[in-house]
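Novice: Just to be clear, the model below is a prediction. Sequence and coordinates:
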Amino acid sequence: MSDRLTVAKTYKLYVGGAFPRSESGRSYPVHDTKGTFLANAAQASRKDVREAVVAARKAVGGWSGATAYNRGQVLYRVAELLEGRREQFAAEIAASEGVNGKRAQSTVDAAIDRWVWYAGWTDKIATVLGAANPVAGPYFSFSVPEPTGVVGVLAPQTSSLLGLVSVLAPVIATGNTAVVVTSQDRPLPAITLSEVLATSDVPGGVVNLLTGRTAELAPWLASHADVNAVDLTGAPESLAADLERACAGTVKRVLRRRATEPDWTETPDISRLRAFVETKTVWHPKGR
Amino acid sequence: MNTWEYAPAPESRDIANLKPSYRMFLDGQFVEGGGEPLKSVNPATEEVLAEVSTAAPSDVDKAVKAARRAQDKVWGRMPGAERAKYIYRIARMIAERARELAVLESLDNGKPIRESRDVDVPTASAHFFYHAGWADKLAYAGLGPDPKPLGVAGQVIPWNFPLLMAAWKIAPALACGNTVVLKPAETTPLTALVLAEIIQQADLPPGVVNILPGAGGVGAELVNHAEVDKVAFTGSTEVGKLIQRSVAGTGKKLTLELGGKAANIVFDDAPLDQAVEGIVNGIFFNQGHVCCAGSRLLVQESVAGELLDKLRVRVATLRVGDPLDKNTDVGAINSREQLTRITDLVSAGEQEGAEKWVSPCPLPDKGFFVAPTVFSGVSQAMRIAREEIFGPVLSVLTFRTPDEAIAKANNTPYGLSAGIWTDKGSRILWMADRLRAGVVWANTFNRFDPTAPFGGYQESGFGREGGRAGLEAYLDV
């Protein structure tokens, strides 16, 4: 060990491509699983949620309008950058999740591979879910999946990087933009991920990451009229039903909280890609 | 030019085989319900057509339990190929009794016989026929390697397409191995109960389909029943939100097909005569009682005057009256309640300063009728531009550029459908990409097919009906 004093990082929010502190001026201490202080994280407020939604909405047009090939390349580029930061992520996961170095390494590997898997879906999901509809009449009718819009994501509480990647990547792969509330007690890998996103080609506002109290932030996200869908995966159990009820106010699409946090090391299927798309059917007459 | 008068060409009401009373269908039997019987009224004459028994909460419970038993013991275990044959039978028997069903539908609902005969009934039969074939092919639907039924589906449908909505709900549910408890609308229960007769004659195992008439209370009882695994609702956004709230936290799978305020967009290069036909079909089909009705006409400013002139001439020729007359274009408004809602919104349009034009067509002396109405000079803030009227009332707005058309079309919390009229193919596809709506009709309007997914964006609901996408609503994948 060098006896040099390290430069400690200030962990901030990631909103609209920038790294603001919470407008509330609040922060909260983050500890490792043994209770040792790791850092202070910004404690986002209702206003931060609203600003993140504004940023996400602003980014919808560009991101959903980009070609699927382009989105695939941009997301693949993120995986390249993640690869370059493997050590940092492994160290943060080891600290946040209390796992040994080897396990932390394999979690980072899985997260990078997961990101690559979803990056590859951008220009395939429409072929898998879309269709040319053989209607009984002289019409060309086709159906395509389109992004739902702004998706609020309550990231898994336990799996701070692999879980986060597993819920975030499918949302943006299909062309949505995201407002993510990170794991409350394990937010550091998420913030490092936001630094990767900021230096990648993902446009500002496509992903917005808020650290803070999930129970405080989630209701504002669930009731926000400009949020189109909410992933409740990381919702506190006691709040899940209330959040679903709040979502009904503007008929949001809801991906429900599961009884227990999923095993993120399992190979995913396309259900998360299906959760945040809308099927659009277009008709046109045929004729001479 | 000589005007040729139409002679009445009424379809005989005897064909409907109308019975004085109808009973609910529970566990394979027609039985009296414990609720207060309702009287179904012919909206064209205001006379009572029949008395219909309604379900009490205990009946809902019995029906859900019957559906559960049938799902566990018979329907869920049956090979898909066998389920398919039952559903094919239903499709065929609807076609066999098509004329009877069409007349009964027009009597109970008020829609023109031309529409019930040419659209509602054949499309209902087609919906069963299409989904029958899926029953043994679900693993090929691309939704997951091992698709499984959800269990018991509680389904609540509206009064605007009574038989067709029953078909949209029941057919995919059965094909996917679920059993069904369906509540038809309070004002239009009759064709669903004839469908129950067909289901009985097709020899479906008891409990696979249960049909319980009643008002909103029966629907609420059904949706909230603890043993229902899947809830499907078509109706207003207001009730849809209540249902979404009430199933929150229960784990029930939910699909909603709710209201709309579709923009029908006409560019200056569109063939205007064709566009006029599309506009008329878009808003006056089924008296405008269509969730995907083209109720906001957006016309490019340079042709607005010409188009409106043509539109008024065409709309003035629409014949409003006896739904059983084959010459009728616009039938009766389904209920007095709906009539009041329409006239309230029409007054709001006048008060807010839009210019009202009403077809000079004669209206019958009795029954619930509204003459086709076109409001011009409508601005986006007016209620008639924002709220679903669900009647033969069109609001006309104008735009200058494609970007403005998109901005105005998308300026609504709804997102069910939209129309585009232009000769330019590239513009159609550019527009279609940007319209936030589940169905986009280009140079046509109000087309439906069992193979083509239908459903909304935003507050028009979620989930699809029809096509491969529609199966997801009834499968655990």
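Specialist: That came through, no problem.

Novice: For chain B, give the residue positioned nearest to chain A.
Specialist: Among all residues of chain B, B:G249 sits closest to chain A, at 2.7 Å; criterion: Cβ to the nearest Cβ. (C-beta placed from N, C-alpha, C; glycine too.)

Novice: so how far is A:T211 from that residue?
Specialist: Computed as Cβ to Cβ, to the nearest Å, the B:G249 to A:T211 distance reads 27 Å.

Novice: Kindly report the same for B:L318.
Specialist: Going from B:L318 to A:T211 by Cβ to Cβ gives 61 Å.

Novice: Touching, B:V280 and B:V315? I think so.
Specialist: Yes: counting by Cβ atoms under 8 Å, B:V315 is a contact partner of B:V280 at 6.4 Å.

Novice: So for B:L318 and A:T211, which sits in the more crowded spot?
Specialist: A:T211 (31 against 16; other Cβ atoms under 10 Å in any protein chain shown).

Novice: Next up, the contacts around the more buried one.
Specialist: By Cβ atoms under 8 Å, 6 or more residues apart in numbering or on different chains, A:T211 lies in contact with A:Y11, A:L13, A:A41, A:A42, A:Q43, A:A44, A:V181, A:T182, A:Q184, A:P187, A:A190, A:I191.

Novice: And the helices in the stretch 51-200 of chain A, which stretches?
Specialist: Ranges of helices in the stretch 51-200 of chain A, per DSSP state H, counting those that start in this stretch, are A:68-84, A:86-97, A:101-119, A:125-129, A:162-173, A:188-198.

Novice: got a markdown table for those, with mean neighbour count and distance to B:D120 too?
Specialist: Shown next, in a markdown table, are the helices of the stretch 51-200 of chain A (neighbours: other Cβ atoms under 10 Å in any protein chain shown; distance: least, Cβ to Cβ, whole Å):
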| stretch | mean neighbour count | distance to B:D120 |
| --- | --- | --- |
| helix A:68-84 | 17 | 39 |
| helix A:86-97 | 20 | 59 |
| helix A:101-119 | 19 | 43 |
| helix A:125-129 | 18 | 29 |
| helix A:162-173 | 26 | 39 |
| helix A:188-198 | 23 | 52 |
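
Novice: nearest spatial neighbour of A:T250, skipping sequence neighbours?
Specialist: On the basis of Cβ to Cβ, 6 or more residues apart in numbering or on different chains, the spatially nearest residue to A:T250 that is not a chain neighbour turns out to be A:A225, at 5.0 Å.

Novice: now that neighbour: how far from A:G149?
Specialist: 12 Å.

Novice: more neighbours, these two?
Specialist: Using other Cβ under 10 Å as the criterion, A:A225 and A:G149 rank with A:G149 on top: 23 against 11.

Novice: Which residue, other than its chain neighbours, is closest to that one?
Specialist: A:N228 (3.6 Å).

Novice: can you pull the contacts of residue 265?
Specialist: Since no chain was named, I'll use chain A. A:A110, A:L162.

Novice: Chain B is the one I meant
Specialist: Residues near B:I265 by Cβ under 8 Å, 6+ apart: B:L298, B:F399, B:A405, B:A409, B:A418, B:G419, B:I420, B:W421, B:M431.

Novice: Now for the fourth one: which residues touch it?
Specialist: Remark: with contacts taken as Cβ under 8 Å, 6+ apart, B:A409 is in contact with B:A263, B:I265, B:R296, B:L298, B:A418, B:L435, B:A437.

Novice: what about it, distance to A:Y76?
Specialist: The gap separating B:A409 from A:Y76 is 35 Å, by Cβ to Cβ.

Novice: go on, the last one?
Specialist: As defined by Cβ to Cβ, B:M431 lies at a distance of 31 Å from A:Y76.

Novice: more neighbours, B:V280 and B:V315?
Specialist: Shown here are B:V280 and B:V315; by other Cβ under 10 Å, B:V315 has more neighbours (26 against 22).

Novice: Pull out the buried positions in the helix or strand harbouring the more buried one.
Specialist: Per DSSP states H and E: B:V315 is located in helix B:301-316. If you call a residue buried by 16 or more other Cβ atoms under 10 Å in any protein chain shown, then helix B:301-316 has these buried ones: B:V303, B:A304, B:L307, B:L308, B:K310, B:L311, B:R312, B:R314, B:V315.

Novice: Now render those residues as a markdown table, adding pLDDT and distance to chain A.
Specialist: Formatted as a markdown table, the buried residues of helix B:301-316 follow (pLDDT from 0 to 100; distance: Cβ to the nearest Cβ, whole Å):
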| residue | pLDDT | distance to chain A |
| --- | --- | --- |
| B:V303 | 98 | 21 |
| B:A304 | 98 | 24 |
| B:L307 | 98 | 20 |
| B:L308 | 98 | 24 |
| B:K310 | 98 | 20 |
| B:L311 | 98 | 20 |
| B:R312 | 98 | 25 |
| B:R314 | 98 | 19 |
| B:V315 | 98 | 22 |
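
Novice: and B:Q201, what is it in contact with?
Specialist: By Cβ under 8 Å, 6+ apart, B:Q201 lies in contact with B:M93.

Novice: if I look at it, how far off is B:I90?
Specialist: 9 Å.

Novice: can you check B:T401 too?
Specialist: For B:T401, the distance to B:I90 (Cβ to Cβ) stands at 50 Å.

Novice: still on that earlier bit, name the member of the contacts of B:A409 with the most neighbours.
Specialist: In terms of neighbours by other Cβ under 10 Å, those top out with B:A418 at 32 neighbours.

Novice: In chain A, which residue sits nearest chain B?
Specialist: Closest point on chain A to chain B, by Cβ to the nearest Cβ, is A:A241, at 2.7 Å.

Novice: Put the alpha carbons of the host helix or strand of that residue into CSV.
Specialist: Taking DSSP H and E as the definition, A:A241 sits inside helix A:240-247. In CSV, the C-alpha atoms belonging to helix A:240-247 read as follows (Å, rounded to 0.1, in the frame of the first residue of the first chain):
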residue,chain,number,x,y,z
ALA,A,240,-45.7,-2.0,-3.9
ALA,A,241,-49.5,-2.0,-3.9
ASP,A,242,-49.8,1.7,-3.2
LEU,A,243,-47.4,2.4,-6.0
GLU,A,244,-49.4,0.3,-8.4
ARG,A,245,-52.5,2.2,-7.3
ALA,A,246,-50.8,5.5,-8.0
CYS,A,247,-49.8,4.3,-11.4
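
Novice: ok, and what's touching it?
Specialist: Applying Cβ under 8 Å, 6+ apart, the contact partners of helix A:240-247 are A:218-219, A:222-223, A:230, A:232, A:235, A:254, A:256-257, B:244-245, B:248-249.

Novice: closest to B:P450 among these?
Specialist: Checking the contacts of helix A:240-247 against B:P450 with Cβ to Cβ, the nearest one is B:Q244 at 26.1 Å.

Novice: From what I see, that closest one and A:A248 are in contact.
Specialist: Yes: using Cβ under 8 Å, B:Q244 makes contact with A:A248 at a distance of 3.6 Å.

Novice: Report the central residue of the chain.
Specialist: Went with chain A since none was named. In chain A, the residue lying closest to the centroid (Cα atoms, centre = their mean) is A:L168, at 2.6 Å.

Novice: Chain B was what I was after
Specialist: B:F161 (4.3 Å).

Novice: Which residue, other than its chain neighbours, is closest to that one?
Specialist: B:D120 is the one closest to B:F161 (Cβ to Cβ, 6+ apart), at 5.8 Å.

Novice: ok, the residue of chain A closest to chain B to B:R245 distance?
Specialist: Separation of A:A241 from B:R245 (Cβ to Cβ) stands at 10 Å.

Novice: Identify the bridge partners of B:F462.
Specialist: Beta-bridge partners recorded for B:F462 (DSSP bridges): B:L256.

Novice: in which helix or strand would I find the nearest residue to B:L222 once chain neighbours are set aside?
Specialist: The shortest distance from B:L222 to any non-neighbouring residue, by Cβ to Cβ, 6+ apart, is to B:G154 (4.4 Å). Using DSSP H and E, B:G154 sits in strand B:152-156.

Novice: which element follows that strand toward the C-terminus?
Specialist: Next along from strand B:152-156, by DSSP H and E: helix B:162-175.

Novice: Name every strand pairing with the helix or strand that that following helix is followed by and say which way it goes.
Specialist: Remark: after helix B:162-175, the chain's next helix or strand is strand B:179-183, criterion DSSP H and E. In the sheet, strand B:179-183 lines up against strand B:152-156 (parallel), strand B:209-211 (parallel) (DSSP bridges).
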